[in-house]
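Participant: Okay, sequence plus prediction incoming.
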Amino acid sequence: MNYNKPFNFLKKLPAKLNSFYAKKSRAEVVVNNKSKSKKDFDPVTNFDKSFEKYIRSLINKKFPKDSIIGEEFEDKFSFNDYKWSIDPIDGTRAFVIGAPTWSNLISLSFKEKSFLGLANFPELSKYYINDKKNSYLYKNKKKFILKSSNNNNLKTIKIIGNFHGTLSYEKQRRVIKKFGWSFRLAGFDALNYCLLAEGKVDAVIEANLKPYDILPLIPIIKNSGAIVSNWKNELAENGGNILATSNRKLHNKILKLLKPFTKIK
């Protein structure tokens, strides 16, 4: 498995994406609803599509033999075991209202296991990335090695999460009640998991994630010392209901609390 070439590619990507965004930001944001149900609102903008086209073009130029999956366009299949994942704007709702927490998410998987990830935050002027051993935050031209917390006390941990409209209010209330005051619903999207990798929060509980929502974050989470799985303690690569915690002891404790809710779809 080759780390160096794709890692260097991802490390150079934030500068290119930020420059691309700076040029595009002069254009008007056009919002459409891609949900098949009129009752639901699943926004997509012209910026989502432009970002993904641009990222795909860069990947195709540098890694022409690799597969690519993305949120807005059809999958590209290849015969090798490398697959790129693109979420051009993770947090489109935040983007539309002008909140700065949206990001560009890109990952590379080998044999369906995500091993390199990038979370770039153009409006926050920072990005998160991992190499073979560690995860990093680059901010204001400074590099920080990320380390998750070792707190496993259910009475003092900080939990953030988002159910993305999957669970009814009553089911949400029951989940939150398990954790008391420590649980805060927050719509920070990928930033939730980046804060976990930084050690600023201890757990993230979310529902109904697509693979491209979580694939780029998995290696960043793991290489900070944190743990990520679905609510059934299965691999997180397929998305779904996701639990990420700062350490294994805490992960096991929260899995037990979530067990009654693992049959909820």
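Facilitator: The structure has been received and is ready for your questions.
Participant: how about the strands in the stretch 151-265 of the chain?
Facilitator: For the stretch 151-265 of the chain, applying DSSP state E, counting those that start in this stretch gives strands covering 159-162, 183-185, 203-209, 227-230, 240-245.
Participant: Could you dump those strands into CSV and include mean neighbour count and distance to L255?
Facilitator: Where C-beta positions appear, they are placed from N, C-alpha and C, glycine not excepted. Compiled in CSV, these are given as follows (neighbours: other C-beta atoms under 10 Å; distance: least, C-beta to C-beta, whole Å):
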stretch, mean neighbour count, distance to L255
strand 159-162, 22, 14
strand 183-185, 14, 16
strand 203-209, 23, 11
strand 227-230, 21, 8
strand 240-245, 24, 7
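Participant: Output the below-cut-off pLDDT ranges for the stretch 1-150 of the chain.
Facilitator: Scanning the stretch 1-150 of the chain for pLDDT under 70 picks out 1, 37-38.
Participant: hang on, the earlier thing: among the strands of the stretch 151-265 of the chain, which one carries the weakest average confidence?
Facilitator: Sorting these by mean pLDDT places strand 183-185 lowest, at a mean of 66.
Participant: So for K83, which of the strands of the stretch 151-265 of the chain sits nearest?
Facilitator: Closest approach to K83 among those (C-beta to C-beta): strand 203-209, 17.4 Å.
Participant: For that closest one, C-alpha coordinates in CSV please.
Facilitator: C-alpha atoms of strand 203-209 as CSV (Å, rounded to 0.1, in the frame of the first residue of the first chain):
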residue,chain,number,x,y,z
ALA,A,203,-17.8,11.1,21.9
VAL,A,204,-19.8,11.8,18.7
ILE,A,205,-23.1,9.9,18.1
GLU,A,206,-24.8,10.3,14.7
ALA,A,207,-27.4,8.5,12.6
ASN,A,208,-27.9,8.0,8.9
LEU,A,209,-24.5,8.9,7.5
